[in-house]
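Asker: Provided below for reference: sequence and predicted model.
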Amino acid sequence: MGLHDRYPAYGGRGPGDLRLGIGLGVVATIFMAMRIYVRLRINKFGTTALIWSLVAWFLTAITQTFGVISILHGLGNKLEVVIATNQLGNYLLFTWITVFFFNMAIPIGKVAVAAFLIEMNKQGNPKIRRSLVAVAVINIVLNIPQVILQWFQCSPPSALWDATRQDQCNHTTSVHYTYFVGAVAALSDFYLAIIPVTMLAPLRIDRKLKWGLSFLMGCGVFAGVAAIVRTWAAKFILSDDPPYGVGTLFRWGEVEEWVVLITMSIPPVWPLFRPLTTRFIKSGGSSRSPNQYMQYNQYGYRSKNGEMGSTAEPPIVTTTISISSTKGVSAAVEPVGASSSADSISRYDEEEPETPHTVLSHGGDPEGWVELSHYKNRHS
């Protein structure tokens, strides 16, 4: 027995929306599992962002679950079919439950992205940090009325899912506020997608790596596009055929939610994919000749007390991406000693950024989010 036989109101745009949502949800869930694995087994960076991401994933999963139930009871199908199959009441109940969790999942997803970028820019430009905090706070604050307004569209509120009392509901105020909040959400998505690109742009690293990371971290623009279409589709709540039109709203809403979770999870799981990309990445730091390092002190290194030391075996150097909060000083690839997260091999330039910060690695940890390369200086 197929779904059409068990759920006679299932049809129209519903099947397509169901497949799309479940497919994106599976991909996002796999990425979240990989993020947890990286956090537990590889590095300890990004805990706050991971917690927010898990909350966003949980709310989005609930939204998707009730969305599937709504589809089975008529969401995305024609109104006359929903009425003829006596499923209008179930459609209204499960659709508004879906909307309730959706209105909570959307801002939490934005907060999760902002938290990730704040940790990425922890010692970087304070203006960027403040702007990211502002984006997170604005999305939370503006969505509180959105959640509350839903329950005051009908008098009494229970009429919201009562098919016989829909004349006691007025959705106009809620829909107009949705336009405003949706516009803010779309702008937030675009901003959160552009900011990491501006962080990576000045770095003197391999061009393929730079543009690859910029593209992956900038894929949040697709969530912004989905937010625009989803906001436009809110008008179908006031149309003569709400179940069919709201199917469009739900489709783009689930795209927005899952794409945010997927794109924010790509950088944290980079250590798992790094071996696969080694052949395509040529580290900017590898262009230094061994003589440049030998000029420092013939395999010498500076110890914590400032004295010079030497070993028979040259030190292992880890190339990491660094961002500086010092204005006017460009970020560069900086060699970091793998034996200690606090000590650096040397300072090659006379001017050193005041507060260097590893963008996708933590404290020089060789198992950070993005480790460009390992190489060992050898003197022949």
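Answerer: Alright, I've got the coordinates. As the structure is a prediction and not an experimental result, all values here were calculated from the model.
Asker: got the buried residues for the lengthiest helix in the chain?
Answerer: Secondary structure assigned by DSSP state H gives helix 88-120 as the longest helix of the chain. By 16 or more other CB atoms under 10 Å, the buried positions in helix 88-120 come out as 88, 90-120. Glycine gets a C-beta too; all of them are placed from N, C-alpha and C.
Asker: before we move on, what about stretch 150-169?
Answerer: Buried residues in stretch 150-169, counted by 16+ other CB under 10 Å: 150, 153, 154, 159, 160, 161, 162, 163, 169.
Asker: All the helices of this structure, in order from the start?
Answerer: In the chain, the helices defined using DSSP H lie at 3-6, 14-41, 47-72, 79-84, 88-120, 126-149, 172-200, 207-217, 220-233, 242-265, 270-277, 290-297.
Asker: May I see the ones you listed organised as CSV, with mean pLDDT added?
Answerer: Output for the helices of the chain, formatted as CSV (pLDDT from 0 to 100):
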stretch, mean pLDDT
helix 3-6, 82
helix 14-41, 93
helix 47-72, 95
helix 79-84, 93
helix 88-120, 92
helix 126-149, 92
helix 172-200, 90
helix 207-217, 76
helix 220-233, 92
helix 242-265, 91
helix 270-277, 73
helix 290-297, 39
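Asker: any idea how far residue 249 lies from residue 48?
Answerer: Separation of residue 249 from residue 48 (CB to CB, to the nearest Å): 32 Å.
Asker: Between these two, which is the more surrounded one?
Answerer: residue 249 (25 against 13; other CB atoms under 10 Å).
Asker: so who does the spatially closest residue to the more buried one that is not a sequence neighbour touch?
Answerer: Closest residue to residue 249 apart from its sequence neighbours, by CB to CB, 6 or more residues apart in numbering: residue 233 at 3.8 Å. Residue 233 sits next to 245, 246, 248, 249, 252 when contact means CB atoms under 8 Å, 6 or more residues apart in numbering.
Asker: In strands, which of the buried residues of stretch 150-169 appear?
Answerer: Taking DSSP state E, every one of the buried residues of stretch 150-169 sits outside strands.
Asker: Of all pairs in these, which one is the farthest apart?
Answerer: Farthest-apart pair in the buried residues of stretch 150-169 is 150 and 163; separation 17.5 Å (CB to CB).
Asker: okay, the helices of the chain, which one's buried deepest?
Answerer: Comparing the helices of the chain by mean neighbour count (mean count of other CB atoms under 10 Å), helix 242-265 ranks first with a mean of 25.
Asker: Can I get it in CSV, CA atoms only?
Answerer: Output in CSV follows, covering the C-alpha atoms of helix 242-265 (Å, rounded to 0.1, in the frame of the first residue of the first chain):
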residue,chain,number,x,y,z
PRO,A,242,-3.5,28.0,0.8
PRO,A,243,-2.4,24.3,1.0
TYR,A,244,-1.0,24.4,-2.6
GLY,A,245,0.7,27.8,-2.3
VAL,A,246,2.1,27.2,1.2
GLY,A,247,3.8,24.2,-0.3
THR,A,248,6.1,26.6,-2.0
LEU,A,249,6.8,28.4,1.2
PHE,A,250,7.6,25.2,3.0
ARG,A,251,9.9,24.0,0.2
TRP,A,252,12.1,27.1,0.3
GLY,A,253,12.0,27.2,4.0
GLU,A,254,13.4,23.7,4.4
VAL,A,255,16.1,24.6,1.8
GLU,A,256,17.1,27.6,3.8
GLU,A,257,17.3,25.7,7.1
TRP,A,258,19.2,22.7,5.8
VAL,A,259,21.6,24.7,3.6
VAL,A,260,22.6,26.9,6.6
LEU,A,261,23.5,23.7,8.6
ILE,A,262,25.4,22.1,5.7
THR,A,263,27.5,25.1,4.7
MET,A,264,28.4,26.0,8.3
SER,A,265,29.6,22.4,8.8
